[in-house]
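> Here's my sequence, what's the structure:
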Amino acid sequence: MDFMDLIEMPRVDNVKVYRQIQNYELNQLVTQKLFGSLNLTSHHLIFITQTDLQKPREEIWIVHSSIDSLEKNVTEAKFQLMIKCKNFQIYFVDFPTAYCCNSIHKSLESLSNLTTENMKLPFFCQTISKINQEDWNFYSIEKSYKRFFPNEDSSEWRISEINNDFKISPSYPKKVIVPKNIDDQALIKSSQFRSMGRFPILSYYHKKTNSFILRSSQPLLGSNNKRCKEDELILKCALPKGKQGYVYDLRDASILKTAVSKGGGYETEVNYPLWKRINKHMDRFDQLHISYSKLIDACINSSTQFFYKLDTSAWFYNIRQALYLSFLIADEIHNKNGCFLIHGWDGLDNTLLISSLAQILLDPESRTLDGFIDLIEREWLHAGHPFSKRYFKSAFGITPQKQEGPVFVLFLDCVRQLCEQFCLSFEFNEDFLIMLFDNLYTSEYGTFLGNNQNEREQLLVSSRTVSLWTYVKNEENIKKFINPLYKINDDVIWPSIFTQSLSLWSNLFLRFQINSKPNDEAKKEIVKLVETNLQVKIKVEKLRNELLELQKEAIDAGVLNSENY
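Presented below is the predicted three-dimensional model:
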């Protein structure tokens with residue numbers, strides 16, 4: 001299919017565009033009205049203002065894939081299109097005729113809902129020369145294994161390549177870490193007993209206490225109450241002597257019978273005697289999408305009911321629940337004697353969320369920029385989180401399949417809450433998290449394309465697109481994402497999970513409603529103060545060394561008594 005087949009009218013003149021912008025002098029939102037022409041290309045909607053001697057020409061570029069929702073309002077007197085974007089920006093476009101409005105609407109509906117991955121922006125906007133294979137290979141399981149187990153000979157774990165062709169589990173990576181005493185045939189049997197073939201694999205190993213986190217999908221007991229001895233053996237071999245095993249099932253206990261009737265199930269105490277099952281409810285991705293939509297509705301349509309809408313959205317409930325469960329796991333692993341297997345339904349969403357947050361609490365490496373990128377690669381991209389499905393639409397839209405769910409957005413918000421509470425313990429800043437959000441839905445880079453590593457390899461993203469980490473690692477860009485107040489903290493962090501300790505992510509969810517200038521100026525001032533402080537420290541150290549040299553010379557000359565210095 002050619003893009004031009006989808007574009008009925010490539011250009012429309014005499015168009016009016018309205019958007020809300022911040023007036024810094026009045027310190028309030030005002031509606032900006034622009035006149036000009038609208039242009040459609042394969043991936044962009046471009047509005048260009050009319051030439052005016054008093055004002056410079058202005059351009060507004062909107063990527064088609066950033067459009068979340070289109071609402072057409074055609075009457076006898078008005079031919080208007082409302083464009084709601086995935087970053088929460090809203091545009092109103094007035095057309096000169098109904099035909100123009102209908103044509104542009106039809107074209108944008110098609111161009112903003114392309115499901116064919118290789119027709120998306122990352123395959124068209126970057127040159128091959130910019131592709132850095134090192135950034136595509138930023139994460140390696142061998143590196144993680146070495147970090148978890150510095151002494152390989154004494155390790156009770158191994159790297160298996162059983163999924164090298166993605167046939168055992170299409171959503172798992174090629175290589176996984178499993179107990180050393182379990183052979184690949186046992187893994188195959190276990191994969192046949194687990195939803196989507198996602199058998200238990202190591203997610204994180206806490207060296208200080210020799211405890212760990214495993215993750216998987218639900219077991220397929222079904223109404224016949226099936227069992228798999230190989231699956232039971234994996235959990236038995238993984239658990240060291242003297243340790244208590246916990247299965248954190250992220251589903252409400254009341255729905256387990258329903259799961260069994262549909263062919264799913266849970267770990268029974270009879271078959272897994274060393275593991276205690278605990279049900280800890282987390283909203284599924286589809287429920288989370290409803291919560292997200294209500295949250296953004298409260299933020300966009302601010303009114304006297306703002307706080308009521310914010311509360312009834314249940315977004316903060318989900319933040320608190322995610323942090324609470326992560327806190328419980330971290331506490332058990334670090335302070336007690338527990339090891340964990342985490343799963344919900346398919347282990348693609350909340351399983352990865354809770355595992356990731358627990359690691360951020362436990363592992364100071366995950367709070368560095370490189371460590372956080374490594375965590376995203378290992379626990380989200382390689383773990384099979386379906387990015388293309390979950391983020392095809394944002395808060396304003398949804399597909400008939402209803403596969404959208406902002407689980408990774410919730411993860412970013414939880415991390416942002418932790419950054420607020422421990423502002424010195426994270427090497428990256430809020431701008432980095434917002435950048436990840438923006439590239440999650442619409443990006444020039446191929447990192448978040450596809451639903452798993454299998455799909456990304458089929459799309460050849462590493463040879464046809466540029467990695468987002470290439471952009472991040474650029475010398476100029478990386479400065480924007482570093483927290484100037486960062487100090488290495490090797491301790492476990494214990495966040496407050498009380499509701500009053502949480503805050504609305506206003507710099508993201510209210511980004512087009514609030515005045516960001518004071519915040520930007522404060523950031524610049526902090527950077528300036530940190531740089532000044534560093535220069536003063538360098539100068540003090542230099543003067544101290546000069547003083548020591550002068551004292552030594554004076555002692556050698558007999559001017560000063562060495563006993564006094």
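> How much space separates Lys262 from Ser223?
9 Å (CB to CB, to the nearest Å). Every C-beta, even on glycine, is put in place using the N, C-alpha and C of the backbone.
> My guess is Asp197 contacts Phe166. True?
Just to correct that, residue 197 is Gly rather than Asp. No - applying CB atoms under 8 Å as the test, Gly197 and Phe166 come out as separate, 9.7 Å apart.
> between the two, which one's more packed in?
Gly197 (21 against 18; other CB atoms under 10 Å).
> So the residue most central in space within the chain, which state does it fall into?
In the chain, the C-alpha nearest the mean C-alpha coordinate belongs to Phe408, at 4.2 Å (CA atoms, centre = their mean). Using DSSP: H, G, I helix; E, B strand; the rest coil, the secondary structure recorded for Phe408 is helix.
> can you tell me which residues contact it?
Going by CB atoms under 8 Å, 6 or more residues apart in numbering, Phe408 touches Trp380, His385, Phe387, Arg390, Tyr391, Leu440.
> who wins for most neighbours among the residues you listed?
When neighbours are counted as other CB under 10 Å, the busiest of the contacts of Phe408 turns out to be His385, with 27 neighbours.
> Now do it, the pLDDT please.
For His385, the model assigns a pLDDT of 98.
> how near is it to Glu25?
Here His385 is placed at a distance of 44 Å from Glu25 (CB to CB).
> Check Phe149 too.
60 Å.
> same thing with Asn337?
On the measure of CB to CB, Asn337 and Glu25 end up 61 Å apart.
> same thing with Glu142?
According to CB to CB, Glu142 and Glu25 sit 57 Å apart.
> Counting neighbours, go ahead and name the busier of those two.
Glu142 (9 against 6).
> Find the residue closest to Glu377 in space, skipping its chain neighbours.
Using CB to CB, 6 or more residues apart in numbering and skipping residues adjacent in sequence, the residue nearest Glu377 is Tyr139, 3.5 Å away.
> neighbours of the one you found, just the number please.
Around Tyr139 sit 18 other residues, with neighbours defined as other CB under 10 Å.
> which SS class is it?
Assigned with three-state DSSP, Tyr139 falls in the coil class.
> Tell me where the stretch 301-450 of the chain has helices.
Counting by DSSP state H, counting those that start in this stretch, the stretch 301-450 of the chain has helices at residues 306-312, 315-335, 350-362, 369-376, 387-390, 407-421, 430-441.
> what's the angle from the last one to helix 407-421?
Taking axes from the mean of the first three to the mean of the last three CA atoms, to 10 degrees, one finds that helix 430-441 is oriented at 180 degrees with respect to helix 407-421.
> Alpha carbons only: can I get the helix or strand following helix 430-441 in PDB?
Past helix 430-441, further along toward the C-terminus, the next helix or strand under DSSP states H and E is helix 453-459. Extracted C-alpha coordinates of helix 453-459, given in PDB (Å, rounded to 0.1, in the frame of the first residue of the first chain):
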ATOM      1  CA  GLN A 453      12.000  -9.500  20.600                       C
ATOM      2  CA  ASN A 454      10.800 -12.100  18.100                       C
ATOM      3  CA  GLU A 455       8.800  -9.400  16.200                       C
ATOM      4  CA  ARG A 456      11.600  -6.900  16.400                       C
ATOM      5  CA  GLU A 457      14.000  -9.400  14.900                       C
ATOM      6  CA  GLN A 458      11.500 -10.100  12.100                       C
ATOM      7  CA  LEU A 459      11.200  -6.300  11.400                       C
END
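> which parts of helix 453-459 are buried?
Of the residues in helix 453-459, Gln453, Asn454, Glu455, Arg456, Leu459 count as buried by neighbour count, 16 or more other CB atoms under 10 Å.
> for the residue lying closest to the second one once chain neighbours are set aside, what are its contacts?
If the residues on either side of it in the chain are set aside, Asn454 comes closest to Phe166, at 4.2 Å by CB to CB, 6+ apart. With contact taken as CB under 8 Å, 6+ apart, Phe166 is in contact with Tyr172, Lys174, Gln453, Asn454.
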